[in-house]
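A.B. asks: Provided below are the primary sequence and the corresponding predicted coordinates.
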There are 2 protein chains.
Amino acid sequence: MSNEPAAEPRWLSDEEQYAWQCYLHATTLLEDHLDRQLQRDAGMPHVYYGLLVQLSRAPRRRMRMTELAQNAKITRSRLSHAIARLEKNGWVVREDCPSDKRGQNAYLTDEGMRVLEKAAPGHVAAVRAAIFDRLSPEQIGHLAEICRAMADGLQPKGADLPWLR
Amino acid sequence: MSNEPAAEPRWLSDEEQYAWQCYLHATTLLEDHLDRQLQRDAGMPHVYYGLLVQLSRAPRRRMRMTELAQNAKITRSRLSHAIARLEKNGWVVREDCPSDKRGQNAYLTDEGMRVLEKAAPGHVAAVRAAIFDRLSPEQIGHLAEICRAMADGLQPKGADLPWLR
DNA sequence: CAGCCATTGTTAAACCTTCAAGAACTTACC
DNA sequence: GGTAAGTTCTTGAAGGTTTAACAATGGCTG
């Protein structure tokens, strides 16, 4: 199916092309906007912030690296670099996992927690201003539904990234 | 409004939180997926591909740097680096702009055009598989509407980036 | 036309991401 | 229990992005 030269590619209809255009614009602008907002107000990019959020919600503010990577939808390699940086900031520390000697836990430090709590209101405000204050409740429902369908189609099964690709 | 400590941040409702989660997952997974797809099949990241597409649609396959950056929603700096790389590949060349001595045009070469035409079918197929084959026509309409509303709120007015932020 | 401010595009440095490879450990199986 | 295969996490290098600063030019205002 992906080996044949694909005799006649099914191009996008006008509606589809328009939707795709809008999607690309919105997602690029939003991601850039949030990255800058967080870089300015909290000294880290959006993805890193997301990692702290995950950790803050985890049982004892700790989580196995792989699980964290899965939740955040990033590769283990990327996470490894990210945690290294967050560790330098003193916001996270690594600990050996008791039950599996290969494993590492990332632990959100008190200082990391403070940074997160300080950044959260501004971030939520930014997200709200960019999305939820601009959409009707029905649209929010539709968005969730649409994104869920998309994410479903992109989830697991792949080479080094059991979940990505 | 952004100066006051924000007495009581309006957190996200459960529905909003769910939608935001879905959105983040879908957009991260999709962007990663397309980046890999294009890197593998065309030797460039998704953004670079988008630049070639823009150029291919422009009048004489050329466009002013700033205009290209605006259309692609990226900074001039990022574009500058990107075009430098594409130029190394021989897919784009820079030309002085006749009417404004500060200006540069990016021109899509014949080779660049070939690369684009070769990559297009696979890319469209990937986009289709990830989105349009998974959504109903109504959902596609909703998506466009939602993204348009989001993009509208994020458009222009800013410091070094007259359009971004 | 002189002065001043805005715009255009680039650059260097710091940072982030990807990719491929590898070290350490676990599991399954004989 | 020993070996092969799989899992977990890290690393270094290559490449992409951001930020701030800059040179060159344009355009406005008096």
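C.D. replies: Received it, and whenever you're ready, just let me know what you need.
A.B. asks: Would you map the strands across chain A?
C.D. replies: A:62-64, A:92-96, A:104-108 (DSSP state E).
A.B. asks: nearest to B:Leu68, of those?
C.D. replies: Among the strands of chain A, the nearest to B:Leu68 by Cβ to Cβ is strand A:92-96 (39.2 Å). C-beta: built from backbone N, CA, C; applies to glycine.
A.B. asks: buried set for that closest one?
C.D. replies: For strand A:92-96, the neighbour count (16 or more other Cβ atoms under 10 Å in any protein chain shown) marks A:92, A:94 as buried.
A.B. asks: who's in contact with A:Gly153?
C.D. replies: B:129-130, B:134 (Cβ atoms under 8 Å, 6 or more residues apart in numbering or on different chains).
A.B. asks: Now list the buried members of these.
C.D. replies: B:Ala130.
A.B. asks: longest helix of chain A?
C.D. replies: helix A:14-42 (DSSP state H).
A.B. asks: Show me what it is packed against.
C.D. replies: Judged by 3 or more Cβ pairs under 8 Å, 6 or more residues apart in numbering or on different chains; DSSP states H and E, helix A:14-42 is in contact with helix A:46-57, helix A:110-127, helix B:14-42, helix B:137-154.
A.B. asks: what inclination does that helix have with respect to helix B:137-154?
C.D. replies: Angle, helix A:14-42 to helix B:137-154, by axes from the mean of the first three to the mean of the last three Cα atoms, to 10 degrees: 40 degrees.
A.B. asks: Now look at helix A:14-42 and say if it contacts DNA strand C.
C.D. replies: No: in terms of Cβ under 7 Å from any atom of the strand, no part of helix A:14-42 sits within range of DNA strand C; the closest distance is 7.8 Å.
A.B. asks: ok so, going back, let me have the strands of chain A in CSV, adding distance to DNA strand C and mean pLDDT as columns.
C.D. replies: Output for the strands of chain A, formatted as CSV (distance: least, Cβ to the nearest atom of the strand, whole Å; pLDDT from 0 to 100):
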stretch, distance to DNA strand C, mean pLDDT
strand A:62-64, 13, 97
strand A:92-96, 9, 97
strand A:104-108, 11, 98
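A.B. asks: Ok, which of the ones you listed comes nearest A:Ala149?
C.D. replies: Nearest to A:Ala149, of the strands of chain A and by Cβ to Cβ, is strand A:62-64 at 27.4 Å.
A.B. asks: quick one: the closest one to chain centroid distance?
C.D. replies: Strand A:62-64 has its C-alpha centroid displaced from the chain centroid by 16 Å (Cα atoms, centre = their mean, to the nearest Å).
A.B. asks: again, but for stretch A:70-88
C.D. replies: 11 Å.
A.B. asks: Please name the residues that touch A:Gly90.
C.D. replies: Neighbour list for A:Gly90: A:109, A:111-112 [criterion: Cβ under 8 Å, 6+ apart].
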